[in-house]
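1. I would like to see how this sequence folds:
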Amino acid sequence: MSGALTVTDMHTGGEPLRIVNGGYPDLPKGTILEKRAFVRDHLDHLRKVLMFEPRGHADMYGALLVEPDLPGADLAVLFMHNEGYSTMCGHAIVALGRYAVDQGLVPPGEQVTIVNIECPCGLVRAEVTMHDGKAAEVSFESVPSFLFARDKAMTLGHWGKISFDIAYGGAFYALADARQFGLKFGRDPVAGFVDAADALTREIQKTIQLSHPDADDLAFLYGTILTDGRDAWSDQPTRNICVFADRQVDRSPTGSGVTARLAAMRARGQIAIGQARIFESIIGSRFSGAVASLTTCGPHAAITARVSGRAFYFGKAEFIVEDDDALAGGFLVR
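-> So this is what the prediction gives:
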């Protein structure tokens, strides 16, 4: 690494987003998935420098802005985490919507500013609400999302028979009621949720083949979302925890996870178009979500979802690597 890496740190609902401002080499031209593959294969040491200790931690999340390839995109982004590179990240879209306005990447509107963000899963439209000329709440409309597998079941360790769905919201998630594992939100420690969700993810990855009509690179299980089981419409918030990548815990309600849950709810007839739900995270932060439209994705009946939240800045940094520092490349304790 020849120069410093500069970053801006934000959070959405408590979930961090480390936005890379400078220090990465230029990437070859190509599609967003080709750029993702290049960064994964040739520049992964920089992900570890930024995400791992001593500069990051096991639950750090990052965004690398790259040259857009799709017509109409204002910016393009590669998402990174403790295990690699995801295809979609809703909390990052919320933060990047505000960031794009604040940094002048798009001209601000009077009441709403539209920011078109190219993600590995496709083009995502973010709407940034303006208050007194400043960016505030951000909403995005998802890529087509769908219920991939319904009412699946498997015997899982000491928990016994576990039922689950698999849904796509820009990334694939298993969706399961936490009560099957004997877990209750607000009572049980996070570690129990992490163990249960990770065990389900690993077993599904070994036994169920996923597919996506647009690209093979999208067809992998990103993680498991454990819910409070309150899927049918209610005026009460529904709570969930998302455990993804290598046992990484999302502090926010998870934007792509909310999208996947909405797709499953719609497929089950549990929510109407435009009907808003409040989704609450493990720390109590909230996103609003609704089915925006009905569509298709290959052979799947699909929706687009509208998810809303707020993001905040909390720091800027410049990171360096000293040649004789044996730990400079990053490490994780867990």
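2. Kindly state the beta-bridge partners for Asp9.
-> Partner residues in beta bridges with Asp9, using DSSP bridges, are Arg18, Gly315.
3. do you know how far it is from Thr296?
-> When CB to CB, to the nearest Å is the yardstick, Asp9 and Thr296 sit 39 Å from each other. In short, each C-beta sits where N, CA and C put it, glycine included.
4. Settle it for me: which of these two has more neighbours?
-> Neighbours were counted for Asp9 and for Thr296 using other CB atoms under 10 Å; Asp9 has more, 17 against 12.
5. Report pLDDT for the residue nearest to the spatial centre of the chain.
-> The centroid of the chain falls nearest to Cys89 when counting by CA atoms, centre = their mean (2.6 Å). At Cys89, the pLDDT value in this model is 97.
6. Next one, pLDDT for the closest residue in space to it that isn't next to it in sequence please.
-> Distance criterion CB to CB, 6 or more residues apart in numbering; nearest residue to Cys89, sequence neighbours excluded, is Phe79 at 4.5 Å. Confidence at Phe79, expressed as pLDDT, is 98.
7. Would you mind measuring from Phe79 to Gly133?
-> Going from Phe79 to Gly133 by CB to CB gives 29 Å.
8. before we move on, back to that, the residue nearest to the centre of the chain: what's it in contact with?
-> Under the criterion of CB atoms under 8 Å, 6 or more residues apart in numbering, the contact partners of Cys89 comprise Tyr61, Ala63, Phe79, Cys119, Gly170, Gly255, Ser256.
9. what does Gly257 give?
-> Gly257 makes contacts with Gly90, Gly169, Tyr173, Gly223, Ile225, Asn240, Cys242, Asp250, as judged by CB under 8 Å, 6+ apart.
10. Now secondary structure too, for those residues, in TSV please.
-> Putting the contacts of Gly257 into TSV (DSSP: H, G, I helix; E, B strand; the rest coil) gives the following:
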residue	secondary structure
Gly90	helix
Gly169	coil
Tyr173	strand
Gly223	strand
Ile225	strand
Asn240	strand
Cys242	strand
Asp250	coil
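11. wait, which of those residues is closest to Ala100?
-> When the contacts of Gly257 are compared for distance to Ala100 (CB to CB), Gly90 wins out at 15.4 Å.
12. Please name the nearest non-neighbouring residue to the closest one.
-> In space, and not counting its chain neighbours, Gly90 is closest to Gly255: 1.1 Å by CB to CB, 6+ apart.
13. So that neighbour sits against Phe140, correct?
-> Yes - proximity of Gly255 to Phe140 meets the contact threshold set by CB atoms under 8 Å, at 7.1 Å.
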